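Peer 1: I would like to see how this sequence folds:
(chains A and B)
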Amino acid sequence: MATVISGDTGINKVADGAAMPAGSVLQVSEITTIAITGVVTDGTQRTFITKAFTPKSATSTLYVEGGLGMQVYGNGNANSLEWQVLIFKGSTELKRIVNHDNSNHINTYHRTGAVNNPRHSEVSGNTTERTYTVQCKKAQASVGRLAFSNAEYPMNYLRITEVEN
Amino acid sequence: MEELNLLCDALSKSHPTTTYFNRTFGLTFADFEWTDNSITESQFDAAVTSVATNAYARSRKAAYDLLNQDEMRYDDLTNSTSTWPDAIAAIKAEFPK
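Peer 2: Numbering: from 1, shown residues only, chains lettered A, B, ... in the order given. The predicted structure follows:
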């Protein structure tokens, strides 16, 4: 059911009970810190950000985007290091970004840009609470390492924007 | 972070198949959660020792990198001076083995 606004007040009064105009932003929900930090060399997939979200409308579109700031250490490994940043809704994977350090595998460098930012959009479908997460894993164990820190690499976020259709 | 980076490098070299998660950025054995092919505390201590043992070499290299050594050698040849070996000797003296 679409979110409605009152026609009793405001400029350019609308009919009482009318749906929000298409394109209206109903809510924006964001979290910008990761729950776990540290240095990782194993291939375990871990959840760094969790956000519960309840749509205001069952017919809206949800734009879900996340990102992780991290430092990637190639440290002279012979092989390219691969890591993945993922968005989940509950236990369902919505989007997976796969990154490689390619020719930088011998170096230590930062990766905090758009390559770490998976995005997804979907129709809300109902107004039931659901939980989105940002997860990350290093694809190959014992090749390089990743470091996560709210202080050192703060470009961490999970943002859900709900827009009426 | 620099100390932890050095320790992680040493662990990668001495135990390349060992993987771990260090949540605290700490430098002790207890700070590491070993995932695959865990090592013993004595093996960990050996890696810590290797980092400390090589400290002089890292300090020397950092100091060497600040020198324009090619130009110093050229000037020494041209002017019959010894600025280059003097500078190297001073660095070695400052950071002994």
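Peer 1: what secondary structure does the residue nearest in space to the middle of chain A sit in?
Peer 2: Of all residues in chain A, the one closest to the mean position by Cα atoms, centre = their mean is A:Gly66, 1.9 Å from it. Three-state assignment for A:Gly66 (DSSP: H, G, I helix; E, B strand; the rest coil): strand.
Peer 1: show me what contacts the closest residue to it other than its chain neighbours?
Peer 2: In this structure, A:Gly66 finds its nearest non-sequential neighbour in A:Val134, 3.8 Å apart by Cβ to Cβ, 6 or more residues apart in numbering or on different chains. (Glycine included, C-beta is placed from N, CA and C.) A:Val134 makes contact with A:47-49, A:66-68, A:85-88, A:118, A:156, A:158, according to Cβ atoms under 8 Å, 6 or more residues apart in numbering or on different chains.
Peer 1: nearest to B:Asp76 among the residues you listed?
Peer 2: Closest approach to B:Asp76 among those (Cβ to Cβ): A:Leu68, at 51.5 Å.
Peer 1: name the member of the contacts of A:Val134 that has the highest neighbour count.
Peer 2: A:Gly66 (30 neighbours; other Cβ atoms under 10 Å in any protein chain shown).
Peer 1: that one reaches A:Phe88, doesn't it?
Peer 2: No. Using Cβ atoms under 8 Å, A:Gly66 makes no contact with A:Phe88, being 9.5 Å away.
Peer 1: overlap of the contact sets of those two?
Peer 2: Shared contacts of A:Gly66 and A:Phe88 (Cβ under 8 Å, 6+ apart): A:132, A:134.
Peer 1: that older thread, the residue nearest to the centre of chain A pairs with what?
Peer 2: Counting by DSSP bridges, A:Gly66 is bridged to A:Leu158.
Peer 1: let me know the distance separating it from chain B.
Peer 2: For A:Gly66, the distance to chain B equals 21 Å [Cβ to the nearest Cβ, to the nearest Å].
Peer 1: which residues touch the residue nearest to A:Phe53 when sequence neighbours are not counted?
Peer 2: Ranked by Cβ to Cβ, 6+ apart and with sequence neighbours excluded, the top spatial neighbour of A:Phe53 is A:Ile160, at 4.9 Å. Going by Cβ under 8 Å, 6+ apart, A:Ile160 touches A:28-30, A:51, A:53, A:62-64, A:132.
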